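Engineer: sequence and predicted structure below; questions after.
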Amino acid sequence: LQVWKDNKDAGVPVLTMVVFDRSGSMGEFADADKPELGTRMDVAKQALRMAANYISPSNHIGLMTYDNTIRLDLPLGPADGTYVSRFVGAVNRVQPGGSTYTSSALVAALHHMLEYQATLGYAVKLRIILMSDGVQDGDPLHPNRALNVVQGLRVPVYGIAFSKGADKKA
């Protein structure tokens with residue numbers, strides 16, 4: 001596993017922006033039949049804390065959260081031990097709130113990533129991890145417009161849904 005991890009990106013550092021839904025619905029139970037699991041947000045936070053242990057120090061990580069407002073909780077930075085600790089701390093502070101502006105958050109994340117990439121002076125791969133319960137609510141930016149931007153820039157977006165009722169098509 002370590003050999004694969006060290007070589008999977010062909011030595012090119014990766015910029016990963018985690019785009020994390022902090023809308024009110026993330027405060028609902030992850031599974032009504034298993035309330036001991038906690039809320040969708042509890043499960044998502046636990047997943048991020050576990051994943052943080054596997055971030056290569058040659059990569060870069062950031063955290064953007066959103067409800068009906070978009071917040072850059074942790075700007076992109078090199079994923080050394082200190083920065084990964086800051087990332088986990090930022091994840092721990094996220095609390096559920098308002099509506100769900102997923103499309104706007106994706107475009108904002110891409111903007112931040114491109115600005116950061118321009119400061120580096122070397123080649124990197126961009127990727128977004130979108131963590132949500134999968135329901136967009138009230139966003140003035142239509143999902144097709146955000147999709148056009150993502151596809152145009154060829155940035156992979158890996159969606160992780162934290163609800164059985166997630167709108168997988170969206």
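Structural biologist: Noted; the coordinates are in hand. Residues are numbered from 1 along each chain as shown.

Engineer: so the residue most central in space within the chain, which of the three states?
Structural biologist: Closest to where the C-alpha atoms of the chain average out (CA atoms, centre = their mean) is Val18, at 2.1 Å. Using DSSP: H, G, I helix; E, B strand; the rest coil, the three-state assignment for Val18 comes out as strand.

Engineer: what's the answer for Gly159, then?
Structural biologist: The three-state label given to Gly159 by three-state DSSP is strand.

Engineer: the residue nearest to the centre of the chain touches Ile55, doesn't it?
Structural biologist: No. In this structure, Val18 is not within contact of Ile55 by CB atoms under 8 Å, at 10.4 Å. From N, CA and C alone the C-beta is placed, and that goes for glycine too.

Engineer: which residues are common contacts for those two?
Structural biologist: By CB atoms under 8 Å, 6 or more residues apart in numbering, Val18 and Ile55 have these common neighbours: Ile61.

Engineer: where does the protein have low pLDDT?
Structural biologist: Judged by pLDDT under 70, the chain has its weakly predicted residues at 1-9, 168-170.

Engineer: most distant residue from the middle of it?
Structural biologist: When distances are taken from the C-alpha mean of the chain, Asp33 lies farthest, 26.8 Å away, according to CA atoms, centre = their mean.

Engineer: my guess is that one is in a helix, correct?
Structural biologist: No. The secondary structure assignment for Asp33 gives coil rather than a helix, going by three-state DSSP.

Engineer: which residues does it contact?
Structural biologist: Listed by CB under 8 Å, 6+ apart, Asp33 has no contact partners.

Engineer: having no further points to raise, I will conclude here.
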